[in-house]
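Novice: Any chance you could fold what I've pasted below:
(chains A, B, C and D)
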Protein chains: 2
Amino acid sequence: MRSTRDDQNTRARIRDAAILRFARDGLEAPLRSIAADAGVSAALIMHHFGSRAGLRLACDEHVQAAIRDNKTGVVSSPGAPTAMLAQLAKIDEYAPLVGYVLRCLQAGGEMTTHLVDGMVADAVEYLREGVREGTVSPSRDPEARARLLTDFSLGSLLLNLPTGEETLDLDALPQWFEDYAARILLPALELFTEPLLTDSSLLDAYLDSSREAREQPAERTTP
Amino acid sequence: MRSTRDDQNTRARIRDAAILRFARDGLEAPLRSIAADAGVSAALIMHHFGSRAGLRLACDEHVQAAIRDNKTGVVSSPGAPTAMLAQLAKIDEYAPLVGYVLRCLQAGGEMTTHLVDGMVADAVEYLREGVREGTVSPSRDPEARARLLTDFSLGSLLLNLPTGEETLDLDALPQWFEDYAARILLPALELFTEPLLTDSSLLDAYLDSSREAREQPAERTTP
DNA sequence: CCATCATCTGAACAGATGTTTAGTCTTCTG
DNA sequence: CAGAAGACTAAACATCTGTTCAGATGATGG
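Specialist: Residues are numbered from 1 along each chain as shown, chains lettered A, B, ... in the order given. Below you'll find the model as predicted:
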């Protein structure tokens, strides 16, 4: 039964070509260019995926599945979500996936929320383990801290990503990751090791006002 | 001489309509919608700005000038670049400018580099002043630290910006800024007051290896 | 008052895009 | 082997895009 296998193969080939194009040229890459890359006609994309949105959905699902599979394997990644992306980008086969994810994060939307939430959940775990081992200090709100650190890492990464030019060079991505990591390593370690603020007056003031508001909410105007 | 004043007025009206549309609908907003907002024909945009790129350039320049003017006025902003944007967004007249800036930052490109570099320069000043006052701890690389903090703030902001829907509600922007600031305040204060890492072993290791590499570069394989 | 010039417009153009349609070709099935 | 079914395509379609063009309008200056 060749039809079934070829069906799967062609579908997968189109999907992979789409992910590659979307990663390189952005999520607005025309269907015709994807079709050309896959060596098929544009109409065939419609036949298999129904519409452009359908193709995007298939790409999203495939990438999410790949990440989910790979996460269990590399769960011991050294902390930041950036590191996981950098590690994956090194493997040629996964570079397009990483590029696609970056494009999605940049564009925002539902998938971004999903991805970031997943990374936050991972960060919560990493940090909890660090706290248990004594290398990471405990937090008053571990979830919020994990989200802040994830947003910082990811946001800074996207902001620095060479995406001004319309095209993203996937081959140069691993090297770019390395350079970026080397660039921020010192200030990041410094920030995470030595407190930026020399005293806790700001934090104390916030904690005081927060506790106060919790104990007697909005009772200030009528003494 | 009415022609000159009207020339300026119409040009400015088109430019402002463009900034508003670009902020709301994204930088790919069609010229025809901008023309409709300004109450003119699409052809008139070409007449005044030559091309779409010309219009974008005029918008960029106008926004940069507005920011430059306003920066000298609100230079005493409490630190992070996010705060400046939040403060500006509250003033109805400036909300479109803020939206436009956010869109530009998201899209990347030369203007992004310019804007971010300016904010980094400001951050260097803020931090230097904080160090002099004794509220901020000194850094081994003030420029890199300023850039890291700026990238963190801006990147996290963009990542959280409700830009999944194609349209950006400028009226809701001030409230969104407030909510966002409130959400990150505790973890941010915590991170900047209490070291995330409980000991300096990672930082020390980096400093050691860095110094070592500076003293005897690449002399390890041939003892 | 007339010529001129800039402002401004409606319509058309040229290209790209997602999608549809009608039909071909191959392969499997009864 | 006939026919059904699915993979696949070329071409057309409909729409939207930035841009161009020929001309109308109206004020300005001699």
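Novice: Check which helix or strand residue A:146 maps to.
Specialist: Residue A:146 is part of helix A:142-160, with elements assigned from DSSP states H and E.
Novice: ok, residue A:151 touching residue B:161?
Specialist: No - the pair residue A:151 / residue B:161 is not scored as a contact, 11.1 Å apart, by Cβ atoms under 8 Å. From N, CA and C alone the C-beta is placed, and that goes for glycine too.
Novice: Looking at those two, which is more packed in?
Specialist: Neighbours per residue (other Cβ atoms under 10 Å in any protein chain shown) separate residue A:151 from residue B:161, with residue A:151 holding more: 24 against 19.
Novice: quick one: the more buried one from residue B:188, how far?
Specialist: To residue B:188, residue A:151 is 10 Å away according to Cβ to Cβ, to the nearest Å.
Novice: Pull out the buried positions in the helix holding residue A:146.
Specialist: Neighbour counts over helix A:142-160 (16 or more other Cβ atoms under 10 Å in any protein chain shown) mark A:142, A:144-160 as buried.
Novice: swap in stretch A:46-57?
Specialist: A:48, A:49, A:55, A:56.
Novice: Let me see the contact set for the residue in chain A that chain B sits nearest to.
Specialist: Taking Cβ to the nearest Cβ, chain B has its nearest neighbour within chain A at residue A:155, 2.5 Å off. Neighbouring residues of residue A:155 by Cβ atoms under 8 Å, 6 or more residues apart in numbering or on different chains: B:151, B:152, B:154, B:155, B:156, B:157, B:158, B:159.
Novice: again with residue A:22
Specialist: A:29, A:59, A:99, A:100, A:103.
Novice: so how far is the lowest-mean-pLDDT helix or strand in chain A off the chain centroid?
Specialist: Ranking every helix and strand in chain A by mean pLDDT, DSSP states H and E puts helix A:81-90 at the bottom, with a mean of 78. The chain centroid and the centroid of helix A:81-90 are separated by 10 Å under Cα atoms, centre = their mean, to the nearest Å.
Novice: so after that helix, what's the next helix or strand?
Specialist: For helix A:81-90, the following helix or strand on the C-terminal side (DSSP H and E) is helix A:95-107.
Novice: before we move on, the earlier item: identify those among the buried residues of stretch A:46-57 that sit within helices.
Specialist: A:48, A:49, A:55, A:56 (DSSP state H).
Novice: from the residues you listed, which single one is nearest DNA strand D?
Specialist: Set against DNA strand D, the nearest of those by Cβ to the nearest atom of the strand is residue A:48 (6.8 Å).
Novice: so the closest one makes contact with residue A:14?
Specialist: Yes - here residue A:48 lies in contact with residue A:14, judged by Cβ under 8 Å, at a distance of 6.3 Å.
Novice: Tell me where chain A has strands.
Specialist: Using DSSP state E, no strands are found in chain A.
Novice: Below-threshold pLDDT in it: ranges please.
Specialist: Within chain A, the ranges that satisfy pLDDT under 70 run A:1-8, A:72-80, A:217-223.
Novice: Tell me which stretches of it form helices.
Specialist: For chain A, applying DSSP H gives helices covering A:2-25, A:31-38, A:42-49, A:52-73, A:81-90, A:95-107, A:110-133, A:142-160, A:173-193, A:201-215.
Novice: closest to residue B:138 out of those helices?
Specialist: helix A:173-193 (9.9 Å; Cβ to Cβ).
Novice: That closest one - contacts with which helices or strands?
Specialist: helix A:81-90, helix A:95-107, helix A:142-160, helix B:142-160, helix B:201-215 (3 or more Cβ pairs under 8 Å, 6 or more residues apart in numbering or on different chains; DSSP states H and E).
Novice: what's the closest of the ones you listed to DNA strand D?
Specialist: Nearest to DNA strand D, of those and by Cβ to the nearest atom of the strand, is helix A:95-107 at 18.2 Å.
Novice: okay, that closest one in PDB with CA atoms only?
Specialist: Provided in PDB are the C-alpha atoms of helix A:95-107 (Å, rounded to 0.1, in the frame of the first residue of the first chain):
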ATOM      1  CA  ALA A  95      17.700  24.000  14.000                       C
ATOM      2  CA  PRO A  96      14.600  24.600  11.900                       C
ATOM      3  CA  LEU A  97      12.400  23.700  14.900                       C
ATOM      4  CA  VAL A  98      14.300  26.200  17.000                       C
ATOM      5  CA  GLY A  99      14.000  28.800  14.400                       C
ATOM      6  CA  TYR A 100      10.200  28.200  14.100                       C
ATOM      7  CA  VAL A 101       9.800  28.400  17.900                       C
ATOM      8  CA  LEU A 102      11.700  31.700  17.900                       C
ATOM      9  CA  ARG A 103       9.400  33.100  15.200                       C
ATOM     10  CA  CYS A 104       6.400  32.000  17.100                       C
ATOM     11  CA  LEU A 105       7.600  33.500  20.300                       C
ATOM     12  CA  GLN A 106       8.200  36.700  18.500                       C
ATOM     13  CA  ALA A 107       4.800  36.800  16.900                       C
END
